[in-house]
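Engineer: need a structure here:
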Amino acid sequence: MCFYYLKSAFDSKVNSIDWDAIYSVITSSYLLVFGAIGLVFVNWGIETLKWKWMLKDAQNLSWMQSVKSVLSGITMSIITPNGIGDYGGRMLGIEKSKRSQALFYNGFLSLSQLLTTFIFGLLGLLAVRERLSLPISDLVLLIISIALICIGLWVYFNSKFQFGFVKVFLLKYKQAISFEILRKRRFQVLFLSIIRYVVFCFQYYLLLRCFNFDIGIVETFCSIAVVYLCTAIIPTGWLSGLIVRGSVSFFVFQSVLHNGEFGVLASSLLWIINLLFPALVGLYFIKSFKLFPVVNLEKV
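Structural biologist: Numbers count the residues shown, from 1 in each chain. Predicted coordinates for the structure are as follows:
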């Protein structure tokens, strides 16, 4: 079923790609393309490091176990709405008695990456607001952005992150769903999330440069930040997400850089190399993984 979803998603993405243009880009700018592909390992390597590091107090995973867990999460995130399947996929290799704690830590890591996307997206929106012709005054947008960023940072560094509702799914293992995370570690996780975000943006930038060498780096990064912000806050399913990303990419890059079609092509290439290929590898790892025994159906 996972393979069918991935294939369907790939087919949908392929239909929007001008393969003649892609072939021309690869042959003329192969170094940029290979650079973007090489950064896939850096991107998901940082995420693997974050996952292994956060779990070290609960369960000391090896690097290989951490890689399998992260790749399985990618596979499940693609085929579920808003990537929620990542929580289940990452339970690969986690002891049953530790899964509630692992779910908590994964939620915290997701929050740190979302906060990074949120902050840089709002800053990018402020930078290119005039070209997007937003129906809101600059002062109001500035006040709202500053307020939202401050609230997000306060919640991230001060919240205790208590998830009592998770107990419904973990009745077999009566554990507290609240774990203390030191402020120093929160800073460290946020720092790694920022580095990963920059890597992700730089991949996008390299692919855009393949189509247009005259784009400015500041405007391009701001546009990319806005695209990531919109795709992060718009509720999507596994298939509708492809349509949303393409539409948002076209609108933003057409408005700011006047190259909407190149933005869609770069977005499609980025999705294939950064998500589809790792998801296919993760598909191998989840084929024999039994997640659902964590739920005690007799008590539900």
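Engineer: With only the CA atoms kept, save stretch 115-126 in CSV.
Structural biologist: What follows is stretch 115-126, C-alpha atoms only, in CSV (Å, rounded to 0.1, in the frame of the first residue of the first chain):
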residue,chain,number,x,y,z
LEU,A,115,9.3,27.0,14.7
THR,A,116,12.4,27.5,12.5
THR,A,117,10.2,27.4,9.4
PHE,A,118,7.8,29.7,11.0
ILE,A,119,10.4,32.3,12.1
PHE,A,120,12.3,32.4,8.8
GLY,A,121,9.1,32.3,6.8
LEU,A,122,7.7,35.4,8.5
LEU,A,123,11.0,37.2,8.1
GLY,A,124,11.0,36.3,4.4
LEU,A,125,7.4,37.4,4.1
LEU,A,126,8.3,40.8,5.6
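Engineer: in that stretch, what counts as buried?
Structural biologist: Within stretch 115-126, the residues scored as buried using 16 or more other Cβ atoms under 10 Å are 115-122, 124-126. For glycine as for every other residue, the C-beta is placed from the backbone atoms N, C-alpha and C.
Engineer: Now secondary structure, distance to residue 89 and pLDDT too, for the residues you listed, in a markdown table please.
Structural biologist: Shown next, in a markdown table, are these (DSSP: H, G, I helix; E, B strand; the rest coil; distance: Cβ to Cβ, whole Å; pLDDT from 0 to 100):
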| residue | secondary structure | distance to residue 89 | pLDDT |
| --- | --- | --- | --- |
| 115 | helix | 22 | 94 |
| 116 | helix | 21 | 95 |
| 117 | helix | 20 | 94 |
| 118 | helix | 24 | 94 |
| 119 | helix | 27 | 94 |
| 120 | helix | 26 | 95 |
| 121 | helix | 25 | 93 |
| 122 | helix | 29 | 93 |
| 124 | helix | 30 | 90 |
| 125 | helix | 31 | 90 |
| 126 | helix | 35 | 90 |
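Engineer: does the most centrally placed residue in the chain sit in a helix, a strand or a coil?
Structural biologist: In the chain, the residue lying closest to the centroid (Cα atoms, centre = their mean) is residue 113, at 7.3 Å. When classified by DSSP: H, G, I helix; E, B strand; the rest coil, residue 113 comes out as helix.
Engineer: re earlier: can you lay out the buried residues of stretch 115-126 as a markdown table showing distance to residue 257?
Structural biologist: A markdown table is the format used below for the buried residues of stretch 115-126 (distance: Cβ to Cβ, whole Å):
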| residue | distance to residue 257 |
| --- | --- |
| 115 | 27 |
| 116 | 23 |
| 117 | 20 |
| 118 | 23 |
| 119 | 22 |
| 120 | 18 |
| 121 | 17 |
| 122 | 20 |
| 124 | 13 |
| 125 | 15 |
| 126 | 17 |
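Engineer: The residue nearest to the centre of the chain contacts residue 192, doesn't it?
Structural biologist: No: between residue 113 and residue 192 there is no contact under Cβ atoms under 8 Å: 9.3 Å.
Engineer: Skip the chain neighbours and tell me the closest residue to the residue nearest to the centre of the chain.
Structural biologist: residue 193 (4.8 Å; Cβ to Cβ, 6 or more residues apart in numbering).
Engineer: residues in contact with that neighbour?
Structural biologist: By Cβ atoms under 8 Å, 6 or more residues apart in numbering, residue 193 lies in contact with 50, 109, 112-113, 115-116.
Engineer: so which of those residues would you say is closest to residue 186?
Structural biologist: Nearest to residue 186 among those, counting by Cβ to Cβ, is residue 112 at 7.7 Å.
Engineer: Isn't the closest one up against residue 190?
Structural biologist: Yes: between residue 112 and residue 190 there is a contact at 5.2 Å, judged by Cβ under 8 Å.
Engineer: Can you check which residues contact both of those two?
Structural biologist: residue 156.
Engineer: So for those two, which sits in the more crowded spot?
Structural biologist: Relative neighbour count places residue 112 above the other of residue 112 and residue 190, with 22 against 19, counting by other Cβ atoms under 10 Å.
Engineer: what helix or strand does the residue nearest to that one when sequence neighbours are not counted sit in?
Structural biologist: Leaving aside its chain neighbours, residue 112 sits nearest to residue 193 (4.5 Å; criterion: Cβ to Cβ, 6+ apart). When elements are assigned from DSSP states H and E, residue 193 belongs to helix 183-211.
Engineer: how about the helices in the protein?
Structural biologist: 2-14, 19-28, 30-54, 63-78, 86-89, 99-127, 129-132, 138-158, 183-211, 217-233, 240-256, 260-271, 277-286 (DSSP state H).
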